[in-house]
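Colleague: Just a sequence and a predicted model for now, questions to come.
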Amino acid sequence: MPTCSVELSLADLAATVRGCTRCPLGATRRNLVFGEGNPHAELMFVGEGPGEVEDETGRPFVGPAGQLLTQVLNAVSLSRDEVYITNVVKCRPPGNRVPARSEMEACWEWLAAQIALIRPRIIVTLGNTPTQWFLGRGEGIGQLRGRFYRWKGGIEVFPMFHPSFLLRNPSKVKGSPKHLTWLDIQAVKDRISFLRCPTPTA
Ligand code: SF4
Ligand code: URA
């Protein structure tokens with residue numbers, strides 16, 4: 001049961017989004033994947049779009065890539081329940097193709113509303129698609145990952161590799177995507193602790 005206004009409004013928003021047919025992805029989805037997690041999360045993870053298992057279940061990041069994301073969180077003692085997890089598009093692109101710019105534009109109002117309600121301190125963008133969308137830059141994730149970018153409203157964006165990419169690149173040697181991801185998630189955890197510190201007043 002929702003217990004406060006943020007939860008009520010997130011639930012209202014989810015109910016509004018459920019019937020969305022603003023872009024062609026609405027016609028081929030089985031289930032819309034709104035997102036889930038802590039409505040007061042300091043940390044929000046944004047993926048590309050639902051995959052097959054997500055489309056079947058209506059939940060974000062629950063397939064093989066999602067299980068790896070859960071492990072990455074757990075490695076620094078974060079649970080899925082304390083963060084918020086969603087995607088730039090809420091409906092599965094057929095065959096897991098990259099969502100079209102027009103589809104991300106059509107869906108942006110929903111993600112923007114989620115951000116406005118949850119007010120996270122950090123948004124972790126997973127892979128090229130959400131990273132390029134948020135930062136408005138064309139470089140690849142290999143160049144952009146691992147740094148905090150000032151975004152709107154005091155929110156910081158921190159790009160990381162997409163867990164599907166890690167599944168295709170399982171090496172853990174120094175400098176490998178998995179090794180860099182381990183460093184990245186620790187940096188996120190440290191930054192959250194830092195942001196929680198009271199700001200000294202001069
Ligand atoms: Fe609506 Fe987004 Fe689904 Fe397109 S992807 S139909 S904009 S919810
Ligand atoms: N990949 C994504 O980008 N999002 C999901 O929810 C699942 C897999």
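Modeller: Cool, the structure landed. From a predicted model like this one, the values you see are computed outputs, not experimental measurements. Ligands and ions are numbered 1, 2, ... in the order given.
Colleague: Show me which residues of the protein are close to ligand 2?
Modeller: 47, 48, 49, 50, 51, 54, 60, 61, 63, 65, 66, 87 (CB under 6 Å from any ligand atom). (Glycine included, C-beta is placed from N, CA and C.)
Colleague: Can you select the buried ones from the residues you listed in PyMOL?
Modeller: In PyMOL syntax, the buried subset of those is picked out as below (16 or more other CB atoms under 10 Å):
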select buried, resi 47+48+49+50+51+54+60+61+63+65+66+87
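Colleague: and ligand 1, which of the residues of the chain next to ligand 2 reach it?
Modeller: Within the residues of the chain next to ligand 2, nothing lies near ligand 1 by CB under 6 Å from any ligand atom.
Colleague: will you turn the residues of the chain next to ligand 2 into a markdown table that also has secondary structure and pLDDT?
Modeller: Compiled in a markdown table, these are given as follows (DSSP: H, G, I helix; E, B strand; the rest coil; pLDDT from 0 to 100):
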| residue | secondary structure | pLDDT |
| --- | --- | --- |
| 47 | strand | 98 |
| 48 | coil | 98 |
| 49 | coil | 98 |
| 50 | coil | 98 |
| 51 | coil | 98 |
| 54 | helix | 98 |
| 60 | coil | 98 |
| 61 | coil | 98 |
| 63 | coil | 98 |
| 65 | helix | 98 |
| 66 | helix | 98 |
| 87 | strand | 98 |
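Colleague: Residue 136: which of the residues of the chain next to ligand 2 is nearest?
Modeller: Of all the residues of the chain next to ligand 2, residue 136 sits closest to residue 48, with 16.6 Å by CB to CB.
Colleague: Please list all residues in contact with residue 114.
Modeller: Listed by CB atoms under 8 Å, 6 or more residues apart in numbering, the contact set of residue 114 reads 10, 13, 35, 44, 84, 86.
Colleague: Let's verify residue 103: helix, strand, or coil?
Modeller: helix (DSSP: H, G, I helix; E, B strand; the rest coil).
Colleague: Compute the distance between the residue nearest to it when sequence neighbours are not counted and residue 34, please.
Modeller: Leaving out its chain neighbours, the residue that sits closest to residue 103 by CB to CB, 6 or more residues apart in numbering is residue 23, at 4.5 Å. For residue 23, the distance to residue 34 equals 15 Å [CB to CB, to the nearest Å].
Colleague: Fine by me, thanks again.
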